[in-house]
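Enquirer: Got a sequence here, can you build the structure:
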Amino acid sequence: MQQVPSELIVLNPDEYAEFVSSIAAIRTLIQTWQARGSFGFRRIPGLRDLSPVTLIRQALVKCPDRYPSTKTADLRFVRDKALREDLRKDITEVNSSFINGQWKMATVLGGSVIEALLLWKLQQQNITHLETAILSRSIKKSAGQLEKWDLHDYIEVADELKLIKPETVTQCRLAKDFRNLIHPGRAERLGQQCNRATALSAMAGLEHAVNDLTP
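Expert: Residues are numbered from 1 along each chain as shown. The predicted structure is shown next:
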């Protein structure tokens, strides 16, 4: 339990009590084994007639593999709850990947979240304004097929519509370039690879985008 983030332990009161009691029982058994040399699982009074290991496994199966950290931006401006929570999970994973030195994951996933946020914002815009911005930036894409656009297109049209600030545009463009390193051929041609710097650039673009899109 100490190795599992508390936000991932999503159980009702009875399940949580069973989970905690099972962990305590195993700790007690280990202490007994170390002191006396004897070892054996027994039923825990008040709980189901199953091994503590089984009870713990059944509890963990009910818990999610990912859950937004309480420190992650709430993204309340995204009205679709399912999308909002999914994006928050991804942002949590970006931050976690950076902390763990997983530069490629932080770089690529950071760019992916930027793309999703800009897509969402453009979907809220008047189609006439979108078409004008598309023509202005010479983008050969349809306003009615936003889901088929690339990150480059989202950034340029969002810039044209003044949905994000100039410094955000700069950071997002960097994130877009580094995100492309997911393709081995491109990385080889450019002689580049994901590292701490690319991860920081992607995270900076993401933070700027969140700040600009938050009312």
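Enquirer: From now on I want contacts and neighbour counts done on CA atoms only, so please keep to that.
Expert: Noted.
Enquirer: got the contact list for Phe19?
Expert: Phe19 is in contact with 55-56, 59, counting by C-alpha atoms under 8 Å, 6 or more residues apart in numbering.
Enquirer: Neighbour count and secondary structure added to the residues you listed, as JSON lines?
Expert: JSON lines is the format used below for the contacts of Phe19 (neighbours: other C-alpha atoms under 10 Å; DSSP: H, G, I helix; E, B strand; the rest coil):
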{"residue": "Leu55", "neighbour count": "20", "secondary structure": "helix"}
{"residue": "Ile56", "neighbour count": "19", "secondary structure": "helix"}
{"residue": "Ala59", "neighbour count": "19", "secondary structure": "helix"}
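Enquirer: which of these lies closest to Glu131?
Expert: Distance to Glu131, by C-alpha to C-alpha, is smallest for Ala59 among the contacts of Phe19, at 51.3 Å.
Enquirer: In this protein, which helix is the longest?
Expert: Assignment by DSSP state H gives helix 13-36 as the longest helix of the chain.
Enquirer: Buried ones in that one, by neighbour count?
Expert: 15, 18-19, 21-23, 25-26, 29-30 (16 or more other C-alpha atoms under 10 Å).
Enquirer: One more: stretch 208-215?
Expert: 208-210, 213.
Enquirer: What lies in contact with that stretch?
Expert: The contact list for stretch 208-215 (C-alpha under 8 Å, 6+ apart) reads 75-77, 114, 117, 121, 163-165, 167-168, 171-172.
Enquirer: again, but for stretch 164-171
Expert: 155-156, 158-159, 201-202, 204-205, 208-209, 212-213.
Enquirer: nearest to Leu87, of those?
Expert: Ala209 (12.9 Å).
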